[in-house]
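1. missing the sequence, but the structure's below:
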């Protein structure tokens, strides 16, 4: 019996206000009345009042195999009973060893070296620390500068957040501004007027080359980039972009880090998107989220054999990568990941994601006929609807920065959670979703956007 079952929604909301949630507004601290989720099944959440919602964001881009998977719960229970923990400093454990071998098998190219963490943020942090370690061992201590992109999101540790390019996320937070530098968000919708696809690609490439020249190639250590900028609004680069950037990195003795915390594990129809979708084999990959489908906290950093070969062997300096976490290779989390991957392979969820992903994208494109919709974009099981109440949809200064929240409020009342990001609504539903469920989800989204449009029209904010 659930020991909390006698608590009502208002009591739970009161208790929840002791929890400082991520990105918590200080103005509303202690007064929030968030929905309290009681259970979940398949693609649905159920709150404490029994209301059902489609889980449009798959939790936080992560519940790829869907909620309520008994197999994963059993794997977690069985491993916790068999052996819940051992130190990653001094022992190996069965699930971690088997998982890392499996990850090496399905990762692109020679990315066969796996460092296990407990989140995407710590995977990115470990990648950035490795870059600095790598150049110290190679006798290049000045080669430490990292190039990222505007609107990028890479995590919440100090180093990972320093690589983030979303200004609003850093408004009141400190970051390392000496070693981290930014180039443009590659999304075509935000490019300057008059730029065609080829012009935009050449602009982005030259900007990257110019940034390296400005900083000095002898000081530039790595580029970090999501295959597409997820929290930045599903920002998709022009074709060929990643290959051009990777080639420039290698020409300047820089490492290329592909942040696949969101885009891996079937989200774009493959275990990893870097090679299969974008045609590159990076030096490092970071991932988390769908690795366990959110059933346990687990992240991973992959490092190429070619990179590791420069640090090891009889002639290498005697060095230690002094980075790790109490829960690196946690046996219960690794058991969950193994079962998650087994389900994905057995049920052919990558193939399913490619099939329903094409349908999902076609249905989203139908929303372009709504006057406040400025852009619709996506790949696979990732989509973004960008709205504007400006007469010029590209004029970010005139955007209603709460329009995403307004749409989410209407959609929630209609039985759908979306991921509001300022003026954007982002979707990444569980990969198990059917075409019929996609129809229901997109129809609710349309209604939520139309109701929001009526709201701003009545308020006199938008006169379209």
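-> All right, it came through fine. Fair warning: this is a prediction, and the values are worked out from it, not measured in the lab.
2. test my guess that residue 117 contacts residue 291.
-> No. In this structure, residue 117 is not within contact of residue 291 by C-beta atoms under 8 Å, at 10.3 Å. C-beta: built from backbone N, CA, C; applies to glycine.
3. who's more crowded, these two?
-> residue 291 (31 against 27; other C-beta atoms under 10 Å).
4. show me how far stretch 302-317 is from its chain's centre.
-> With C-alpha atoms, centre = their mean, to the nearest Å as the basis, stretch 302-317 stands 29 Å off its chain's centre.
5. pretty sure residue 457 sits in a helix.
-> Yes. Judged by DSSP: H, G, I helix; E, B strand; the rest coil, residue 457 forms part of a helix.
6. thinking again about what came up before, next, show the common contact partners of residue 117 and residue 291.
-> Both residue 117 and residue 291 are in contact with 298-300, where contact means C-beta atoms under 8 Å, 6 or more residues apart in numbering.
7. so which of those residues wins on neighbours?
-> residue 298 (29 neighbours).
8. list the contacts for that one?
-> When contacts are counted by C-beta under 8 Å, 6+ apart, residue 298 touches 116-119, 288, 291-292, 330, 333-334, 336-337.
9. can you list the residues you listed in CSV and add pLDDT?
-> Compiled in CSV, those are given as follows (pLDDT from 0 to 100):
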residue, pLDDT
116, 98
117, 98
118, 96
119, 98
288, 98
291, 98
292, 98
330, 98
333, 98
334, 98
336, 98
337, 98
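10. so which of those are in strands?
-> Of the contacts of residue 298, the ones assigned to strands by DSSP state E are 116-117.
11. between the contacts of residue 298, which has the most around it?
-> Going by other C-beta under 10 Å, residue 291 tops those with 31 neighbours.
12. what is the neighbour count of residue 28?
-> Around residue 28 there are 10 residues (other C-beta under 10 Å).
13. and it, that's in a helix?
-> No. Under three-state DSSP, residue 28 sits outside any helix and is assigned coil.
14. tell me how far it lies from residue 418.
-> Distance, residue 28 to residue 418, by C-beta to C-beta, to the nearest Å: 20 Å.
15. let me know the next secondary structure element after the helix or strand hosting residue 72.
-> Of the helices and strands defined by DSSP states H and E, residue 72 is found in helix 70-82. Following helix 70-82 in sequence order, the next helix or strand is helix 94-106 (DSSP H and E).
16. sorry, back to before: so can I have a markdown table of the shared contacts of residue 117 and residue 291 showing distance to residue 159?
-> A markdown table is the format used below for the shared contacts of residue 117 and residue 291 (distance: C-beta to C-beta, whole Å):
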| residue | distance to residue 159 |
| --- | --- |
| 298 | 20 |
| 299 | 14 |
| 300 | 17 |
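17. so residue 95 touches residue 334, yeah?
-> Yes. The pair residue 95 / residue 334 is scored as a contact, 3.6 Å apart, by C-beta under 8 Å.
18. where do the contact lists of these two overlap?
-> With C-beta under 8 Å, 6+ apart as the test, residue 95 and residue 334 both reach residue 79.
19. the helices in the stretch 101-250 of the chain, which residues?
-> 120-137, 158-162, 197-215, 241-251 (DSSP state H, counting those that start in this stretch).
20. would you list those in a markdown table and tack on distance to residue 7?
-> Below are the helices of the stretch 101-250 of the chain laid out as a markdown table (distance: least, C-beta to C-beta, whole Å):
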| stretch | distance to residue 7 |
| --- | --- |
| helix 120-137 | 31 |
| helix 158-162 | 35 |
| helix 197-215 | 52 |
| helix 241-251 | 49 |
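21. re earlier: quick check, nearest of the shared contacts of residue 117 and residue 291 to residue 311?
-> residue 300 (19.0 Å; C-beta to C-beta).
22. quick one: the closest one from residue 342, how far?
-> Separation of residue 300 from residue 342 (C-beta to C-beta): 17 Å.
23. residues near residue 7, how many?
-> With other C-beta under 10 Å as criterion, residue 7 counts 15.
24. I figured residue 327 was touching residue 299, is that so?
-> No. Here residue 327 lies out of contact with residue 299, judged by C-beta under 8 Å, at a distance of 10.1 Å.
25. give the residues shared as contacts by the two.
-> With C-beta under 8 Å, 6+ apart as the test, residue 327 and residue 299 both reach residue 118.
26. gap between the residue most central in space within the chain and residue 182?
-> With distances taken as C-alpha atoms, centre = their mean, residue 262 lies nearest the centre of the chain, 3.2 Å away. Distance, residue 262 to residue 182, by C-beta to C-beta: 19 Å.
27. just residue 173 next, same as before
-> Distance from residue 173 to residue 182, by C-beta to C-beta: 16 Å.
28. neighbour-wise, which of these two wins?
-> residue 182 (17 against 11).
29. mind checking which helix or strand of this protein has the lowest mean pLDDT?
-> Here the helix or strand of the chain ranked lowest by mean pLDDT, DSSP states H and E is strand 419-421, holding a mean of 90.
30. tell me what that one is packed against?
-> helix 403-413, strand 424-427 (3 or more C-beta pairs under 8 Å, 6 or more residues apart in numbering; DSSP states H and E).
31. please name every helix or strand in contact with the first one.
-> Yep, that's helix 403-413 we're talking about. strand 382-387, strand 419-421, strand 424-427, helix 435-458.
32. try it again at 7 Å.
-> Applying 3 or more C-beta pairs under 7 Å, 6 or more residues apart in numbering; DSSP states H and E, we find helix 403-413 packed against strand 419-421, strand 424-427, helix 435-458.
33. that helix vs strand 382-387, what angle?
-> Between the axes of helix 403-413 and strand 382-387, defined by axes from the mean of the first three to the mean of the last three C-alpha atoms, to 10 degrees, the angle is 110 degrees.
34. buried set for helix 403-413?
-> 403-412 (16 or more other C-beta atoms under 10 Å).
35. OK, contacts around residue 290?
-> 62, 64, 264-267 (C-beta atoms under 7 Å, 6 or more residues apart in numbering).
36. in strands, which of those residues appear?
-> Going by DSSP E, the strands hold none of the contacts of residue 290.
37. nearest to residue 370, of the residues you listed?
-> residue 267 (25.7 Å).
38. residues near the closest one, how many?
-> 32.
39. just residue 240 next, same as before
-> Counted with other C-beta under 10 Å, the neighbours of residue 240 add up to 14.
40. show me the shaky parts of the protein.
-> Counting by pLDDT under 70, the chain contains low-confidence residues at 1-5, 390-401, 463-464.
41. what do you get if the cut-off is 50, keeping everything else the same?
-> 1, 391-399 (pLDDT under 50).
42. and residue 405, how close does it get to residue 425?
-> From residue 405 to residue 425 the distance is 10 Å (C-beta to C-beta).
43. actually residue 105, not the one I typed
-> Taking C-beta to C-beta as the measure, residue 105 falls 37 Å from residue 425.
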